[in-house]
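J.: Sequence below, structure please.
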Amino acid sequence: MTNPIADPGHGHSPAAWTGVIIMLLGFTLGTLFFCLEMPSLVWASVVLIPVGALIGWILSKAGWGAKGPKYQPKAH
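T.: Modelled structure (predicted):
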């Protein structure tokens, strides 16, 4: 029996990976700087989170998203 819902791509694309890695870096550095009591660097790290989302969106619109022409899905 096949699933009638089409596979949305699940974010396995260069655009998704790039955005998530940048946002993860923001969270990780923010946590580290919070523990080290460096508030200015905590806020600088917070800025990385929307920047990562924006870069992922830009790359997706540039064709590197799951449905983009530049993305070649790999067999599982």
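J.: Please count neighbours and contacts with C-alpha atoms only from this point.
T.: Noted.
J.: State the distance from Lys74 to Ala66.
T.: Counting by Cα to Cα, to the nearest Å, the separation of Lys74 from Ala66 is 11 Å.
J.: Looking at those two, which is more packed in?
T.: Set side by side, Lys74 and Ala66 show more neighbours around Ala66, with 20 against 7, by other Cα atoms under 10 Å.
J.: So the more buried one sits against His12, correct?
T.: Yes. Counting by Cα atoms under 8 Å, Ala66 touches His12, with 6.5 Å between them.
J.: what sits in contact with each of those two?
T.: Taking Cα atoms under 8 Å, 6 or more residues apart in numbering as the contact criterion, the residues that touch both Ala66 and His12 are Pro73.
J.: tell me the helices in this protein, going along the chain?
T.: If DSSP state H is used as the criterion, the helices of the chain fall at 14-35, 39-59.
J.: okay if I get these as JSON lines plus distance to Lys70 and mean neighbour count?
T.: Formatted as JSON lines, the entries for those read as follows, by distance: least, Cα to Cα, whole Å; neighbours: other Cα atoms under 10 Å:
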{"stretch": "helix 14-35", "distance to Lys70": "10", "mean neighbour count": "18"}
{"stretch": "helix 39-59", "distance to Lys70": "10", "mean neighbour count": "17"}
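J.: Redo the ones you listed as CSV? Include mean pLDDT.
T.: As requested, these are exported to CSV (pLDDT from 0 to 100):
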stretch, mean pLDDT
helix 14-35, 96
helix 39-59, 96
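J.: Let's see stretch 28-38 as PDB, backbone CA atoms only.
T.: Presented in PDB, the C-alpha positions along stretch 28-38 are these (Å, rounded to 0.1, in the frame of the first residue of the first chain):
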ATOM      1  CA  THR A  28      25.900  26.400  21.100                       C
ATOM      2  CA  LEU A  29      28.000  29.600  21.200                       C
ATOM      3  CA  GLY A  30      25.200  31.400  23.000                       C
ATOM      4  CA  THR A  31      25.100  28.700  25.700                       C
ATOM      5  CA  LEU A  32      28.900  28.700  26.100                       C
ATOM      6  CA  PHE A  33      29.100  32.500  26.400                       C
ATOM      7  CA  PHE A  34      26.200  32.500  28.800                       C
ATOM      8  CA  CYS A  35      28.100  30.100  31.100                       C
ATOM      9  CA  LEU A  36      31.200  32.200  30.700                       C
ATOM     10  CA  GLU A  37      29.200  35.300  31.700                       C
ATOM     11  CA  MET A  38      29.900  37.200  28.400                       C
END
